[in-house]
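Q: my questions are about this predicted structure, shown below with the sequence.
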Amino acid sequence: MAKMRTPRFKLCRRLGLNVIGHPNAMKRTDNGSARNARKLSAYGIQLLEKQRLRSYYGVMEKQFSTYVKKSLKDKEQTGYSLIKRLECRLDNIVYRLGFANSVAGARQMVVHGHFLVNDSKVNIPSFNVNIGDVITLREKSQKNETFKNNFLSNILNTYPYLDKNENEFSGTLLRYPLRNEVPIEINDSLVVEFYSKLS
């Protein structure tokens with residue numbers, strides 16, 4: 001499984017944005033190393049925004065390009081369609097439900113087979129979660145104190161498009177998220193413009 005290997009804090013400083021959600025990620029940011037600390041061309045700004053969005057979800061370039069191509073074919077707004085596809089990846093849903101403290105941690109949990117989707121084991125991080133799908137921490141995995149405590153300590157940290165069941169250690173995608181419900185600081189229209197120029 002391909003994955004980003006850049007040190008996480010260094011990546012955040014370079015992108016000028018906390019894309020991993022760690023409270024200490026943006027320390028030591030005053031050394032001018034961030035890309036947005038320099039004057040960028042229109043293309044450079046679009047490229048930076050694309051790299052930020054890709055890093056938020058930890059998706060490699062080839063797979064990210066595939067998401068963009070599919071989104072460009074959708075009838076709805078391309079930027080929103082792209083965000084929706086990324087947001088409904090299994091690893092991201094696991095993260096939003098509070099089973100892990102980061103998307104990277106959630107991805108590792110999925111790969112190690114800790115989750116069921118509609119009672120079937122799924123270990124593919126990019127698995128597309130559909131409306132009504134129930135994601136459950138496997139019974140054996142519920143004995144892991146770290147997993148259990150992560151989920152229960154985040155029980156009040158909810159999103160309107162997800163339903164969390166603390167008794168069953170599960171969550172359900174109730175509907176697709178609206179763009180303003182997705183907590184990422186990205187101008188997705190710039191990402192679409194970047195790829196439109198390439199096509």
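A: Received, thanks.
Q: in stretch 139-155, which residues are buried?
A: The neighbour-count check on stretch 139-155 (16 or more other CB atoms under 10 Å) flags 141, 147-148, 150-151, 154 as buried. To be clear about C-beta, it is placed using only N, CA and C from the backbone, and glycine gets the same treatment.
Q: with stretch 49-67 instead?
A: Under 16+ other CB under 10 Å, the buried positions of stretch 49-67 are 49-59, 64, 67.
Q: start to end distance for it?
A: Terminal residues of stretch 49-67 are spaced 16 Å apart (CA to CA, to the nearest Å).
Q: quick one: average confidence on it?
A: Stretch 49-67 comes out with an average pLDDT of 92.
Q: could you tell me how far the residue nearest the centre of the chain is located from Arg107?
A: Centroid-nearest residue in the chain: Tyr57, 3.3 Å away (criterion: CA atoms, centre = their mean). Using CB to CB, to the nearest Å, Tyr57 is found at 10 Å from Arg107.
Q: for the longest helix along the chain, packing partners?
A: Secondary structure of the chain per DSSP state H: the longest helix is helix 42-57. Secondary-structure packing of helix 42-57 (3 or more CB pairs under 8 Å, 6 or more residues apart in numbering; DSSP states H and E): helix 8-15, helix 61-72, helix 78-87, helix 188-198.
Q: what packs against the last one?
A: Packed against helix 188-198 by the contact rule (3+ CB pairs under 8 Å, 6+ apart) you find helix 42-57, helix 61-72, helix 78-87.
Q: buried residues, it. List them.
A: Here helix 188-198 shows 188, 190-195 as buried, counting by 16+ other CB under 10 Å.
Q: for these, give me CSV that also has distance to Phe99 and pLDDT.
A: Listed next are those as CSV, based on distance: CB to CB, whole Å; pLDDT from 0 to 100:
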residue, distance to Phe99, pLDDT
Asp188, 26, 92
Leu190, 31, 94
Val191, 28, 93
Val192, 31, 91
Glu193, 35, 91
Phe194, 32, 91
Tyr195, 32, 88
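Q: which of those lies closest to Glu181?
A: Of all these, Asp188 has the smallest distance to Glu181: 13.8 Å, by CB to CB.
Q: hmm, the closest one is touching Leu53, no?
A: Yes. Counting by CB atoms under 8 Å, Asp188 touches Leu53, with 6.8 Å between them.
Q: what touches both of those two?
A: Leu82 (CB atoms under 8 Å, 6 or more residues apart in numbering).
Q: distance between the ends of stretch 165-181?
A: 20 Å.
Q: my error: substitute stretch 131-148 in the last question.
A: Across stretch 131-148, first to last residue, CA to CA, it's 24 Å.
Q: related to what we said a few turns ago, among the buried residues of stretch 139-155, which are in helices?
A: 147-148, 150-151.
Q: quick check, nearest of those residues to Asp133?
A: Phe151 (17.3 Å).
Q: what about the residue nearest to Lys70 when sequence neighbours are not counted, distance to Asn144?
A: Using CB to CB, 6 or more residues apart in numbering and skipping the chain neighbours, the partner closest in space to Lys70 is Arg85 (6.8 Å). Going from Arg85 to Asn144 by CB to CB gives 30 Å.
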